[in-house]
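Enquirer: I would like the atomic coordinates for the input below:
(chains A and B)
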Number of protein chains: 2
Amino acid sequence: MASSGTATHKFNPHFTQTVINATGPNVSPRLRKITTSFIQHLHDFARENEITVDEWMAGLELMNEAGRMSNDRRNEGQLLCDIFGLESLVDEITYKLASDAKDEPTATAILGPFWRKDAPMKKMGDTIVSGIESTDRTWMHGIVTDFTTGKPVEGAVLDVWHTAPNGLYEQQDPNQPDMNLRGRFTTGKDGKYNFYCLRPVPYPIPFDGPAGRVIQALGRHPYRPAHIHFILTAPGYKPIVTQIFDRNSKYIDDDAVFAVKDSLIVDFKPYQADPKADFELPYDFRMATFEDAKKHSIVGSNEDGA
Amino acid sequence: MASSGTATHKFNPHFTQTVINATGPNVSPRLRKITTSFIQHLHDFARENEITVDEWMAGLELMNEAGRMSNDRRNEGQLLCDIFGLESLVDEITYKLASDAKDEPTATAILGPFWRKDAPMKKMGDTIVSGIESTDRTWMHGIVTDFTTGKPVEGAVLDVWHTAPNGLYEQQDPNQPDMNLRGRFTTGKDGKYNFYCLRPVPYPIPFDGPAGRVIQALGRHPYRPAHIHFILTAPGYKPIVTQIFDRNSKYIDDDAVFAVKDSLIVDFKPYQADPKADFELPYDFRMATFEDAKKHSIVGSNEDGA
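Expert: Just a heads-up that it's a prediction; the model follows:
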């Protein structure tokens, strides 16, 4: 990368400082730091690449269009961030565990744009699949434990969602029942959970908006490897937003939104013991109390900032 | 600024390169350069400031909201760019004259979000003011010349727009006639132009959207100094997008969108000679042919890029 100094000399050398200095005296240190750095990077980017008015306008139109497409059911701005790896990066930054910790809670992964609140509350052993014939029926089960004590976590709510075999989430697909392939399960004293779902498939991110156009312009494929999304919450514990990925899925090494982590790769095992399932998927989750999370710097160092 | 190296060590050191490497082999050099630099700055910004998921989400919501507010009559995304000085900077980059040129065409300034296409065609001597009583009636006149030959430019179209005394452009104000305080004038053989307008007033950028919230959060004032907007076009000449600023206006040294340039500051002179005007505003424009513009590097150096 050219340093900002190289590219600056042609242009007004005081301009960036003028914009930075416009920030008022009573702004919090955190907001001032972020704003100053944002302005510096934004201006350096423009100067280093000698961005023209037409190029800027093209980027701006992309941004405005993404905003216009975004609503309760779709977040195109988020998708734009995702294809540039930003959501995965801030996820890593926010939840990074201090490297000297002996054990680790379950790793996090990006939320993605398809989560919906108020997924149906289910009972253990229920299925989240409705109206889909499949040979990828999966029996998922495991236990939620405290990552320091190893004890079961009671009252943990596991919020799960994944795509249908056609690669679409229910809100993208008028042919699926509302809230299909979504559910919430609450653990009892034993911390255990189990339910039926499907073995998911790789799918392309939505292609009909700015993010799709960018992916295409950059000569990239739009596919995500097969994965299941989770949010885990429990009283006194730090929530975990994560995904698990099918080891044998195409694109496992080449996720369009850069979310795969080694510790989140899982194996779907062929399963004969249950006529209602074709695969078994055992997976345990480890949660950290807020106290432990703080002790091990799992939360971002600036959580108390502005 | 912290260098990216300082802040990187905590986080996956290969992540940014992975995202950069996803760009395909057949992408144009210009797009590859811009994308690579964008990803690097975006990630460096996130790491240097340890941006958390919540902070990123807040920024994303701001961006999506700006897009949703943007339409034919309002460009909130552009306004967000403007308050961070980006439009003024890309304007400088795009139209920078090589510093060894002896004379200069009229300097450029940002378009801003209030231009409308198809402003009414007017005759010389017409007024662009409709239904407004004012003691700031202004007789503006001058000549459009070729900046190298000094000869008048025939057929130059001067597209002018400014705010009403209440600080609002007509499209922001249901009480103004459509296209009020806008007009287009075409020069004849003598290159001269003249029309009646008003001496404009300082006004705040719109405060009811994300840009207004950011300005407020940063403890900044939202005002622009009094100015008149122009776009000049003429056959064979490079278009000029510019503004002229009233020397005696409040905020002349402190424009909320950083657009003021010394050569664009003008004097409104009290005027007795004409009962229809309170002020006289003489101002000449100098245009460059496309050929001269290229010779003097007025266009961005990458205009032939992707």
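Enquirer: so out of everything in the stretch 1-150 of chain A, what residue is nearest chain B?
Expert: Closest approach of the stretch 1-150 of chain A to chain B (Cβ to the nearest Cβ) occurs at A:Gly67, with a separation of 1.4 Å. In short, each C-beta sits where N, CA and C put it, glycine included.
Enquirer: residue in the stretch 201-306 of chain A nearest to chain B?
Expert: In the stretch 201-306 of chain A, the residue found nearest to chain B is A:Gly219; the distance is 2.1 Å by Cβ to the nearest Cβ.
Enquirer: check contacts around that residue.
Expert: Applying Cβ atoms under 8 Å, 6 or more residues apart in numbering or on different chains to A:Gly219 gives the contacts B:23-27.
Enquirer: of these, which are in range of chain A?
Expert: Counting by Cβ under 8 Å from any Cβ of the partner chain, B:23-27 from the contacts of A:Gly219 sit close to chain A.
Enquirer: ok so, going back, in a helix, that's where the residue of the stretch 201-306 of chain A closest to chain B is, yeah?
Expert: No: under the criterion used here (DSSP: H, G, I helix; E, B strand; the rest coil), A:Gly219 is coil, not part of a helix.
Enquirer: skipping its backbone neighbours, what lies nearest it in space?
Expert: B:Gly24 (2.1 Å; Cβ to Cβ, 6 or more residues apart in numbering or on different chains).
Enquirer: check A:Ile215 too.
Expert: A:Pro222 (4.9 Å).
Enquirer: what residues does the one you found make contact with?
Expert: Residues near A:Pro222 by Cβ under 8 Å, 6+ apart: A:204-205, A:207, A:212, A:215-216, A:256.
Enquirer: again with A:Val157
Expert: A:184-187, A:232-234.
Enquirer: let me know whether A:Ala288 touches A:Lys238 as I believe.
Expert: Yes: proximity of A:Ala288 to A:Lys238 meets the contact threshold set by Cβ atoms under 8 Å, at 5.3 Å.
Enquirer: what's the most distant pair in the ones next to chain A among the contacts of A:Gly219?
Expert: By the measure Cβ to Cβ, B:Thr23 and B:Asn26 form the most distant pair in the ones next to chain A among the contacts of A:Gly219, at 9.7 Å.
Enquirer: more neighbours: these two, which one.
Expert: Neighbour totals were compared for B:Thr23 and B:Asn26, and B:Thr23 leads with 17 against 8 (other Cβ atoms under 10 Å in any protein chain shown).
Enquirer: three-state assignment of that one?
Expert: From three-state DSSP, the assignment for B:Thr23 is coil.
Enquirer: is it true that it touches B:Thr36?
Expert: Yes: B:Thr23 is in contact with B:Thr36 according to Cβ under 8 Å; the separation is 7.3 Å.
Enquirer: just give the number of residues close to A:Gly77.
Expert: Neighbours around A:Gly77, by other Cβ under 10 Å: 29.
Enquirer: ok, now which ones touch it?
Expert: Per Cβ under 8 Å, 6+ apart, neighbours of A:Gly77: A:63, A:66-67, A:70, B:60, B:63-64, B:67.
Enquirer: do that again at 6 Å, thanks
Expert: A:66-67, A:70, B:60, B:63-64 (Cβ atoms under 6 Å, 6 or more residues apart in numbering or on different chains).
Enquirer: ok, so of those, who is nearest A:Leu86?
Expert: Out of the contacts of A:Gly77, the member with the shortest distance to A:Leu86 (by Cβ to Cβ) is B:Leu60, at 9.0 Å.
Enquirer: could you pick out the longest strand of chain A?
Expert: Ranked by residue count under DSSP state E, the longest strand found in chain A is strand A:137-146.
Enquirer: my guess is A:Trp161 meets A:His229, correct?
Expert: Yes: the pair A:Trp161 / A:His229 is scored as a contact, 4.9 Å apart, by Cβ atoms under 6 Å.
Enquirer: among the two, which residue is more densely surrounded?
Expert: Between A:Trp161 and A:His229, counting by other Cβ under 10 Å, A:Trp161 is the more crowded of the two (26 against 22).
Enquirer: check which helices and strands the longest strand of chain A sits against.
Expert: In terms of contacts (3 or more Cβ pairs under 6 Å, 6 or more residues apart in numbering or on different chains; DSSP states H and E), strand A:137-146 is packed against strand A:192-198, strand A:279-282.
Enquirer: which residues touch it?
Expert: With Cβ under 6 Å, 6+ apart, strand A:137-146 has contacts from A:152-153, A:156, A:187, A:191-192, A:194, A:197-199, A:274, A:277-286.
Enquirer: make a PyMOL selection of the buried ones in those residues.
Expert: Entered in PyMOL, the line below selects the buried ones among the contacts of strand A:137-146, by 16 or more other Cβ atoms under 10 Å in any protein chain shown:
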select buried, chain A and resi 152+153+156+187+191+197+198+199+277+278+279+280+281+283+285+286
